[in-house]
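1. model this:
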Amino acid sequence: MSSSPERSVLATSLRSDPCGLLRRADVGRVVRLGGWVHRSRDLGGLVFIDLRDRTGLVQLAFGPGWSPADVQALAAAVGVESVVLCEGEVVAREIDRVNPEMHTGEIEVRVTTLRVVGPAVTPALPVARGRGDKMPAEELRLRHRYLDLRRPELQDNLVLRHRLLQVSRRVLSDHGYLELETPILTKPTPEGARDYLVPSRVHPGEFYALPQSPQIYKQLFMCCGFDRYFQIARCFRDEDLRADRQPEFTQIDIEASFIGREDILAMAEGLIGALWQEAGHAVPVPFPRMSYADAMERFGCDRPDLRYDLHLRDYSTVFAGLDFAVTTAALSSGGRVRGLVVPGGAAWSRKQVDELEALARGAGAGGLLRLRKADGAYDGPLAKFLTDAAKAAFALDDGDLALFVAAPDRLSSPALDRVRQECARRLDLVDEKAQQFLIVMDFPMFEEDPVTGALSAVHHPFTAPHPEDMEAHPDAPAKWRALAYDVVLNGTELGGGSIRTSDPATQSRMFALLGIGDPEEQERRFGFLLEGLRAGAPPHGGIAFGFDRIAMLLSGAPSLRDVIAFPKTTAARSLYEGAPVAVPDEDLEALHIAVRDGATGGVR
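-> Just a heads-up that it's a prediction; the model follows:
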């Protein structure tokens, strides 16, 4: 008789064993099972049912030698996805009937009693899928999520999600972090997206906001003396959605006091290593470091994918010596000419290169200049303008294709990043099994509007600037770097954080640089943070990881929606329960809310 802690824990008065944990060592045992009818096969004198629970499948056999006639008749009639209870003996399958694709494939259960406890109507979508079966449309899956979540693939994802949550709690608790909760109904604060607002019935005309993150509260915990905090935090952002974004999401939120940047990063590396190990991957630490400036210069992106080369280069000095109108105009207006060399790209057709140019234009560039070298000759619009010095500077090998964007960095960087990714895909340079972690540091503190010159925070207004930058450029905050950092994997941001501003005077100055200079306005919007800082705040900082994204990557799921039990669509709708919905007039009246019709302007 085989036994395991999981098996004994899952045993109840109605079932002795989970379906998927039975093995050959159980042969001869009489077991009680419960689960869903996954598949059914009626072979005339024999009926076979694959019974499913979250641990897996086991084959039930119904035959005249061991099953009463009424039991066999019931087995033949029961519909798929019905819930049944049964009892029978575990027997070994004959050698030619062993199913190597099932963990329980060496045995079956010969059933003597059967009871249908949850009859099911014909399912709106199939739970059991065979090889080559087409996946139902996602909208149909989300509309009938209760069926979709029965699929073993999704159940495996959610089981992994559970395990990753437990690892996170264990690792952080073992390092002295306290799991502390912060309010869900809170005050609107600037976090980079719109807030979800909740009207107050008892305070007419006033609103709570659902938290975009626990940012201010976790800083207040540091002021309160809780020097190590974490939370598996629910966060809410009203923003446009995509495959890796949801309006409500989960993050592993972390903050600590009396630390420096490397303290937080070492902890982050350890946590990531433990999570990846739980999913069966070894992660070498420490992760390589790269400055934001270097990432943007070499890759055009602040979360570069290091699984392939194709680095960007600045060719401005080369083009400065050429009489080519497009590049001359860009250089004279303060832009640069940057690009990359694609080995073997000279073999691509004009149509294929035009497709790359379309990607560059879609990312904001005005166009994509091209130069190829084949059979020792240069070809392309630039070819006739090349000097011998330019040819030597480009250093193209035969078969190479060079692609350039002439523009300010804010336009050329995203365009070349997109082109670089597509070139790598076409050349099959991406090792899908590689795990290339990276920490990007020294982000700009502010972004400057190219038209108005107004500053906005690159991360959030509570990030601390580099003290040496404030000293070197006291009147040029656009030159300040932030004590901020992101953890990146294969071009995907896993999480980010910063050392915080712990001095109230400096924090007040940050608000003023962001256009919130009036002291009364600062107090109205951020007084509860400033009050905590004035009471004595230790140096502190933290990081937050997108937990849904981590679960998606480690499970191999194509979308966040496959690792969240009841997700929203890209239109922010819950198709199963039907949210959001219109609210009855009397409920709106109790909340002191009037709804204006966008088409007519009428109010109800």
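2. contacts, neighbours, all on C-alpha from now
-> OK.
3. Tell me where the stretch 101-250 of the chain is predicted with low confidence.
-> The model of the stretch 101-250 of the chain has pLDDT under 70 over residues 190-192, 243.
4. 90 instead?
-> 129-135, 188-194, 239-245 (pLDDT under 90).
5. For the stretch 401-550 of the chain, which segments are assigned as helices?
-> With DSSP state H, counting those that start in this stretch as the criterion, the stretch 401-550 of the chain has helices at 409-426, 467-472, 504-513, 519-534, 547-555.
6. packing partners for the third one?
-> Applying 3 or more CA pairs under 8 Å, 6 or more residues apart in numbering; DSSP states H and E, we find helix 504-513 packed against helix 519-534.
7. and if we set it to 10 Å?
-> Applying 3 or more CA pairs under 10 Å, 6 or more residues apart in numbering; DSSP states H and E, one finds that helix 504-513 makes contact with strand 455-457, helix 519-534.
8. Tell me the buried residues in the strand or helix carrying Glu586?
-> Using DSSP states H and E, Glu586 maps to helix 585-590. Neighbour-count burial for helix 585-590 flags Leu588 (criterion: 16 or more other CA atoms under 10 Å).
9. Stretch 38-50 too?
-> With burial defined by 16+ other CA under 10 Å, the residues of stretch 38-50 counted as buried are 38-40, 46-50.
10. Pull the residues that contact that stretch.
-> Contacts to stretch 38-50, defined as CA atoms under 10 Å, 6 or more residues apart in numbering, come from residues 19, 35-37, 51-53, 56-65, 67, 72-83, 108-110, 126-129, 150-151.
11. One more pass at 7 Å, please.
-> Applying CA atoms under 7 Å, 6 or more residues apart in numbering, the contact partners of stretch 38-50 are 37, 51-52, 57-63, 75-76, 80-81, 128.
12. The residues you listed in strands, which ones?
-> If you go by DSSP state E, these have 37, 51-52, 57-62 in strands.
13. sorry, back to before: return a PyMOL selection command for the buried portion of the contacts of stretch 38-50.
-> Only the buried entries of the contacts of stretch 38-50 go into this PyMOL selection, using 16+ other CA under 10 Å:
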select buried, resi 37+51+52+57+58+59+60+61+62+63+75+76+80+81
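14. Could you pull up the residues touching Arg261?
-> Ile499.
15. could you give the angle of the top helix by length along the chain to strand 56-62?
-> Counting residues, the longest helix found in the chain (DSSP state H) is helix 152-174. Helix 152-174 and strand 56-62 are oriented at 140 degrees to each other (axes from the mean of the first three to the mean of the last three CA atoms, to 10 degrees).
16. quick one: buried residues of the lowest-mean-pLDDT helix or strand in the chain?
-> The weakest-scoring helix or strand in the chain, judged by mean pLDDT, DSSP states H and E, is helix 5-10 (a mean of 81). Across helix 5-10, burial judged by 16+ other CA under 10 Å covers Arg7.
17. CA-only coordinates of that helix, as PDB, when you get a sec.
-> Written as PDB, here are the backbone C-alpha positions of helix 5-10 (Å, rounded to 0.1, in the frame of the first residue of the first chain):
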ATOM      1  CA  PRO A   5       1.200  13.100   3.200                       C
ATOM      2  CA  GLU A   6      -0.800  14.700   0.400                       C
ATOM      3  CA  ARG A   7      -2.900  11.500   0.000                       C
ATOM      4  CA  SER A   8      -3.700  11.300   3.700                       C
ATOM      5  CA  VAL A   9      -4.500  15.000   3.900                       C
ATOM      6  CA  LEU A  10      -6.900  14.800   1.000                       C
END
